[in-house]
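K.L.:
have a look at this fold, sequence not included:
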């Protein structure tokens, strides 16, 4: 099978270094105010419409409001199991790219910021030589990943990378060139502390992820 390696994403310029921040730059109160106001350019229904329409003019700030604003929407379900999502890996193994696309669209209709599914959509369209659609999904993936990267550097609890769901940890680590070692450790019922394989190019032994919204949703 012709491979479209995830390593290609490493060219996005998503550096991991950054100055200290107070548990990210994510102010949920400010985001809530923006996404719920019809007068705001970040009003969520309008922003989501642009996202689904593949608006390539969306900024990183708008992707930030899309991704983190999703935690305030009725459809936010970070722990909901999905057998169809698991089946995508089998489809990829057997090169059933049209099925990946049809199944992916079904999943993303209810879970529009599932990074794993989005990247598989990019891959599947690429394998089918549909570069236009492949680029659309990669653009969304890049925008969301840039917004997540900007949330923190992961070097401490105070500068944790903020995620909507624990499932996004693996994809984020892959994009920045890190590999997980063992299972995450839940700290203070708010952070996932992930040990890393060493040596690595960032000279890190662990990364903190803030998964508070997902933990709260599980209660």
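P.N.:
Thanks, I have it. All values derive from a computational prediction rather than experimental measurement.
K.L.:
which residues touch the one helix or strand residue 103 maps to?
P.N.:
Element membership of residue 103 [criterion: DSSP states H and E] is helix 97-110. Helix 97-110 is touched from outside by 75, 82, 84-85, 87-88, 91-92, 114, 117-118, 120-121, 123-125, 127-128, with contacts defined as Cβ atoms under 8 Å, 6 or more residues apart in numbering. All C-beta atoms are positioned from the backbone trio N, CA, C, and that covers glycine.
K.L.:
what's the mean pLDDT across it?
P.N.:
Helix 97-110 comes out with an average pLDDT of 94.
K.L.:
distance from that helix to the middle of the chain?
P.N.:
17 Å (Cα atoms, centre = their mean, to the nearest Å).
K.L.:
circling back to that earlier point, need the buried ones from the contacts of helix 97-110 selected in ChimeraX.
P.N.:
To isolate the buried members of the contacts of helix 97-110 in ChimeraX, using 16 or more other Cβ atoms under 10 Å:
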select :85,88,91,92,114,117,118,120,121,123,124,125,127
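K.L.:
just the ones of the contacts of helix 97-110 in helices?
P.N.:
Among the contacts of helix 97-110, the ones falling in helices (DSSP state H) are 84-85, 87-88, 91-92, 117-118, 120-121, 123-125, 127.
K.L.:
I figured residue 138 hits residue 123, correct?
P.N.:
No: applying Cβ atoms under 8 Å as the test, residue 138 and residue 123 come out as separate, 9.3 Å apart.
K.L.:
where exactly do the strands run in the protein?
P.N.:
161-162, 185-187, 191-195, 206-210 (DSSP state E).
K.L.:
could you give the angle of the least confident helix or strand in the chain by mean pLDDT to helix 115-127?
P.N.:
In the chain, the helix or strand scored least confidently by mean pLDDT, DSSP states H and E is helix 83-93, which has a mean of 78. The directions of helix 83-93 and helix 115-127 differ by 30 degrees, with axes from the mean of the first three to the mean of the last three Cα atoms, to 10 degrees as the criterion.
K.L.:
need the contact list for residue 185.
P.N.:
192, 193, 194, 195.
K.L.:
looking at those residues, which is nearest residue 212?
P.N.:
residue 192 (10.2 Å; Cβ to Cβ).
K.L.:
re the thing from before, any idea which of the strands of the chain is most buried?
P.N.:
By mean neighbour count, with neighbours taken as mean count of other Cβ atoms under 10 Å, strand 161-162 ranks first of the strands of the chain at a mean of 26.
K.L.:
list the pairing partners of that strand within its sheet, with orientation.
P.N.:
Strand 161-162 sits in its sheet next to strand 206-210 (parallel), going by DSSP bridges.
K.L.:
and the partner strand, what's its mean pLDDT?
P.N.:
Mean predicted lDDT for strand 206-210 stands at 97.
K.L.:
show me where the protein has helices.
P.N.:
Under DSSP H, the chain gives helices at 28-35, 44-52, 60-69, 83-93, 97-110, 115-127, 131-149, 168-175, 212-218.
K.L.:
where among the ones you listed is average confidence lowest?
P.N.:
helix 83-93 (a mean of 78).
K.L.:
quick one: contacts of that helix?
P.N.:
97, 99-100, 103-104, 106-107, 114, 116-117, 120, 123-124.
K.L.:
of those, closest to residue 209?
P.N.:
residue 116 (15.7 Å).
K.L.:
burial count for that closest one?
P.N.:
Residues near residue 116, counting by other Cβ atoms under 10 Å, number 17.
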